[in-house]
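Visitor: just to be clear, the model below is a prediction. Sequence and coordinates:
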Amino acid sequence: MSEKKLLEDEDVVEQGVHNYSSEDQWVKPEDPLLLERLEWFKDQKLGLMMHWGPYSQLGLVESWALSDVDEEWSRNEIDWDIDAEELKREYFDLNKTFNPLRFQPELWAELAADNGFKYLNFTTKHHDGFCMWDTRTTDYRITGPDCPFHTHKYADITKQLFNAFRAKGLGISAYFSKADWHTPYYWAPGMKPGTTTSRGPTYDPKEYPWLWEQFVQFTHEQIMELMTNYGRIDVLWLDAGWVNDYRDQNIRLGEAVEKARKIQPWLLSADRTVGGPYENLITPEQTLPERALQVPWESCITMGSAFSFRYEDHYKSVRQLIHLLVEIVAKGGNLALNVGPQPDGRISRTAISRIQGMGAWLKVHGEAIYGTRICEPCSAGQVHFTRKDDTVYAFRLYENELEAVQKEIHLPMQEAVSRVDLVGGQEGLEYRVTENGITVRLPDAELHPPEAPIAHVFRLT
């Protein structure tokens, strides 16, 4: 492998944030069923992403503090006296105290369904290797004998969540880390004394092919457990893009996905940051593309400051979240909004209030979001556009509650228009055609509100 290729691959993850594949790396599936499911995915627009595991007890970043090469950023919140090796031992022992007794999966599903979320993306396993389902491959699991939650009626958390969300009509996306820093098949103890831990295995798979093959079989078995025993799965969402054949970490992913599709032929796969035939969805993380993408994509963005639960976290406002959603949808994507559950099994009150605030807005304006497609010019300053068949929707966003609402709003578009309605308000608004779009007159009832609305949404036919 060239030095340049190695450097490119090392940049895949920077401070825990993944880059994302370009449109040029996207390969259109040939299977008509998968193409149909991609259109389904593009209709959904809003998913609930959840990073949850024993690490939530510490209120620190998930998994990454285990990697010595990432210590500069991943351990910057560790404010107690502890060395790296003790930190790793204590982290891996967090399963012995993880006991989320206040977990109520039906309430989570009801909250999501009632407030406009269309699918769940749940971390069945992060890089630390802790399994949130009842796997047979390791005792390092939520139902393992060392985990006090294993006797609870909801012990198989993944099954409980998937069933609860599916019962509410929501899709299921199963997050799965291809890397596993707990199994001795990946981070093999004693292979090299004093080995510094990093994202990859502690050995060269080419030098120990028999050990690597054990890891491949371990990974395939875990994926197949999820695909076989946990009901209908819509998306297999695969993280740890450094595990791929370009880095000599070939887990024969195509073989695993094709085996899964014999059971679930509709299954979409998101082999993120890898490109090729098994990255059906492109997944920007904590960012939005600068322009519209003409391929299926989903931005995973946190409601708070991080993917995992934080004590006294700072959450984005409802206004900020709706603005994120509108811009993402205008550029052709979905928003996978991440909420990190608390270690006791609850979603924080602040997160619940934000979800409900989004739901209230979507109940009025959702027709301009769900099932829409790209409409040029997509985004122009504070104005964004979507399309549904012959109907165009225009969003005029208000940056903050103090922004003044003007009598006339200019929409920079070239579509022929015969009628303009205010979604959730007065229909048949006055407008005039200009050189570079149309100018709409707001009704008097919309002027001088106590605070600026999140957005004015127009229906143009």
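Guide: Arrived safely.

Visitor: skipping adjacent residues, who's closest to Lys118 in space?
Guide: What sits nearest to Lys118 in space, not counting adjacent residues and going by CB to CB, 6 or more residues apart in numbering, is Gln44, at 3.9 Å. Every C-beta, even on glycine, is put in place using the N, C-alpha and C of the backbone.

Visitor: residues in contact with that neighbour?
Guide: Gln44 makes contact with 118-119, 171, 334, 370, according to CB atoms under 8 Å, 6 or more residues apart in numbering.

Visitor: and the nearest residue to Arg199 once chain neighbours are set aside, how many neighbours?
Guide: Leaving aside its chain neighbours, Arg199 sits nearest to Trp242 (5.4 Å; criterion: CB to CB, 6+ apart). Neighbour count for Trp242, taken as other CB atoms under 10 Å: 19.

Visitor: Trp242 contacts Asn250, doesn't it?
Guide: No: counting by CB atoms under 8 Å, Trp242 stays clear of Asn250, with 11.9 Å between them.

Visitor: could you dump the contacts of Gln44 to CSV with pLDDT and distance to Arg89?
Guide: Below are the contacts of Gln44 laid out as CSV (pLDDT from 0 to 100; distance: CB to CB, whole Å):
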residue, pLDDT, distance to Arg89
Lys118, 99, 41
Tyr119, 99, 37
Gly171, 98, 39
Asn334, 98, 39
Tyr370, 98, 47
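
Visitor: can you list the buried residues in the particular helix or strand that has Gln320 in it?
Guide: Secondary structure from DSSP states H and E places Gln320 in helix 318-330. By 16 or more other CB atoms under 10 Å, the buried positions in helix 318-330 come out as 318-319, 321-330.

Visitor: same for that helix, what does it pack against?
Guide: Where contact means 3 or more CB pairs under 8 Å, 6 or more residues apart in numbering; DSSP states H and E, helix 318-330 is packed against strand 298-302, strand 334-338, helix 349-365, strand 373-380, strand 383-388, strand 391-397, strand 455-460.

Visitor: neighbouring strands - and their directions - for the fifth one?
Guide: The partner list of strand 383-388 in its sheet, established with DSSP bridges, is strand 373-380 (antiparallel), strand 391-397 (antiparallel).

Visitor: most packed of those strands?
Guide: strand 391-397 (a mean of 22; mean count of other CB atoms under 10 Å).

Visitor: quick check: domain ranges of this protein?
Guide: 3-368, 373-460 (automatic domain parsing).

Visitor: coming back round to it: between the buried residues of helix 318-330, which is nearest Ile438?
Guide: Ile438 lies nearest to Ala330 out of these, by CB to CB, at 17.5 Å.

Visitor: show me how far the helix holding Gln320 is from its chain's centre.
Guide: 15 Å (CA atoms, centre = their mean, to the nearest Å).

Visitor: so that helix versus strand 373-380, what angle?
Guide: 120 degrees (axes from the mean of the first three to the mean of the last three CA atoms, to 10 degrees).

Visitor: CSV for the buried residues of helix 318-330, including distance to Met358 and pLDDT?
Guide: Shown next, in CSV, are these (distance: CB to CB, whole Å; pLDDT from 0 to 100):
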residue, distance to Met358, pLDDT
Val318, 6, 98
Arg319, 10, 98
Leu321, 6, 98
Ile322, 6, 98
His323, 11, 98
Leu324, 10, 98
Leu325, 8, 98
Val326, 11, 98
Glu327, 14, 98
Ile328, 13, 98
Val329, 13, 98
Ala330, 17, 98
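
Visitor: which one of those is nearest Arg310?
Guide: Leu321 (17.0 Å).

Visitor: tell me how far the closest one lies from Tyr154.
Guide: 28 Å (CB to CB, to the nearest Å).

Visitor: before we move on, the earlier item: looking at the helices and strands packed on helix 318-330, which is buried most?
Guide: Per stretch, and counting mean count of other CB under 10 Å, the top mean among these goes to strand 334-338, which has a mean of 26.

Visitor: partner strands of it, parallel or antiparallel?
Guide: strand 46-50 (parallel), strand 298-302 (parallel).

Visitor: just the pLDDT for Leu7.
Guide: Listed pLDDT for Leu7 reads 31.

Visitor: can you say which of the strands paired with strand 334-338 is nearest to Val392?
Guide: strand 46-50 (20.5 Å).

Visitor: other residues contacting the helix or strand following that closest one?
Guide: Per DSSP H and E, the first helix or strand lying C-terminal to strand 46-50 is helix 71-74. Helix 71-74 has contacts (CB under 8 Å, 6+ apart) with 15-16, 61, 64-65, 67, 84.

Visitor: pLDDT, distance to Glu451 and neighbour count added to the residues you listed, as TSV?
Guide: Formatted as TSV, the contacts of helix 71-74 follow (pLDDT from 0 to 100; distance: CB to CB, whole Å; neighbours: other CB atoms under 10 Å):
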residue	pLDDT	distance to Glu451	neighbour count
Gln15	70	36	12
Gly16	69	36	18
Val61	95	35	22
Trp64	97	39	22
Ala65	96	41	23
Ser67	96	45	22
Ala84	93	49	15
